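structure of the sequence below:
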Amino acid sequence: MKKNIGLVVKDDDRARQQADSFEQWLVRKGITVTRRQSGIPGVKRLGGARKRSPASLFCVFVLGGDGTFLSAVRWIGDQQTPIIGVKFGEVGFLAETTQDRLCKVAESILNNQFTTRPQMRLQIRAIRQDVEIARESAFNDVVINKGALARLARIRTYIDDQFLTDYRADGLIVATPTGSTAYSLAAGGPIIHPSVPGILITPICPFTLTNRPLMVPDSATIKIQLTEDASDIMLTCDGQIGLKIDERDTILISQSPIPVQMITLPDQNYFDVLKAKLKWSGSRV
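Coordinates of the predicted model:
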């Protein structure tokens, strides 16, 4: 049976040129290519209809950065299609290989010489007056933050229906271990290895300095509500889709039953990428 390969490409001239060359290489091998251009950056409405990738895809190659990778994960949706990121420019935490090794790596993948590692994502449910108004997933993080001119948000947070605290802050980040190196890291959260089971809660510029990042078990359900004086508050998933929320809404965040199947290569090491990205021990990006 003819293989069908997905190709998600960053909206960038160099990425498109590489994708053209790679697509021609695949076609010469008798492979069908389903190509998708990564969308224009920006937050779309949470819960809206969108196109999904074909169920017949053997795997998906992502040519671009972490933002392009996250859009590809959303395109795949709940289908367990293996996915691999190809680095362009700066080191990306979600990239597994580089553009100069693309054809060599693809040859191994096409010959089924690869393994996958399931990485968790989050399931988000927004409930307004007992009616579910949106259900989404996030691979990196869910962010609740206030507008530029809004007052500090008061974010009431429960863990498995047990009251935790009222965060008074510019916002709150709920992240997977994979997402711990994204916005959460910039907000002062710790780095969590992707294989560590847990969900990270990181306040953004908290009013109370004792409100520190917290990791809870991946089996927990996090419930979030806003106080009555909340205004201009937005919930976003992976920085790509969003929903305005207020005190009428209850947000439930838990581990999704459907992980992302990341293609892994034997010569790729997470800590090497981490050291390069963060420039530890004098290494250069």
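
how about the helices in this structure?
13-28, 66-76, 102-110, 183-186, 270-278 (DSSP state H).

pLDDT weak spots in this structure?
1, 39-50, 89-91, 149, 282-285 (pLDDT under 70).

would you tell me which one of the helices of the chain is buried the most?
helix 66-76 (a mean of 24; mean count of other Cβ atoms under 10 Å). (Each C-beta comes from the backbone N, C-alpha and C, glycine too.)

which elements pack onto that one?
In terms of contacts (3 or more Cβ pairs under 8 Å, 6 or more residues apart in numbering; DSSP states H and E), helix 66-76 is packed against strand 4-9, strand 59-63, strand 83-87.

repeat the analysis, applying 10 Å as the threshold.
Using 3 or more Cβ pairs under 10 Å, 6 or more residues apart in numbering; DSSP states H and E, the elements in contact with helix 66-76 are strand 4-9, strand 32-37, strand 59-63, strand 83-87, strand 131-138, strand 260-264.

kindly reformat the ones you listed as a markdown table containing distance to residue 152 and mean neighbour count.
Below are those laid out as a markdown table (distance: least, Cβ to Cβ, whole Å; neighbours: other Cβ atoms under 10 Å):
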| stretch | distance to residue 152 | mean neighbour count |
| --- | --- | --- |
| strand 4-9 | 38 | 22 |
| strand 32-37 | 39 | 16 |
| strand 59-63 | 37 | 26 |
| strand 83-87 | 37 | 25 |
| strand 131-138 | 24 | 17 |
| strand 260-264 | 34 | 20 |
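
count the residues that sit near residue 77.
14 (other Cβ atoms under 10 Å).

contacting residues for it?
Listed by Cβ atoms under 10 Å, 6 or more residues apart in numbering, the contact partners of residue 77 are 50, 51, 52, 53, 55, 137, 258.

likewise for residue 142?
122-124, 136, 172-176, 179, 199, 222, 224, 235-238, 251, 253.

quick revisit: export the helices of the chain to JSON lines and tack on distance to residue 228?
Shown next, in JSON lines, are the helices of the chain (distance: least, Cβ to Cβ, whole Å):
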{"stretch": "helix 13-28", "distance to residue 228": "47"}
{"stretch": "helix 66-76", "distance to residue 228": "33"}
{"stretch": "helix 102-110", "distance to residue 228": "53"}
{"stretch": "helix 183-186", "distance to residue 228": "27"}
{"stretch": "helix 270-278", "distance to residue 228": "41"}
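
re the thing from before, got TSV for the helices and strands packed on helix 66-76, with distance to residue 231 too?
Compiled in TSV, those are given as follows (distance: least, Cβ to Cβ, whole Å):
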stretch	distance to residue 231
strand 4-9	37
strand 32-37	36
strand 59-63	37
strand 83-87	38
strand 131-138	19
strand 260-264	35
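
out of the ones you listed, which gets nearest to residue 18?
strand 59-63 (5.9 Å; Cβ to Cβ).

show me what that closest one is packed against.
Counting by 3+ Cβ pairs under 10 Å, 6+ apart, strand 59-63 packs on strand 4-9, helix 13-28, strand 32-37, helix 66-76, strand 83-87, helix 102-110, strand 260-264.
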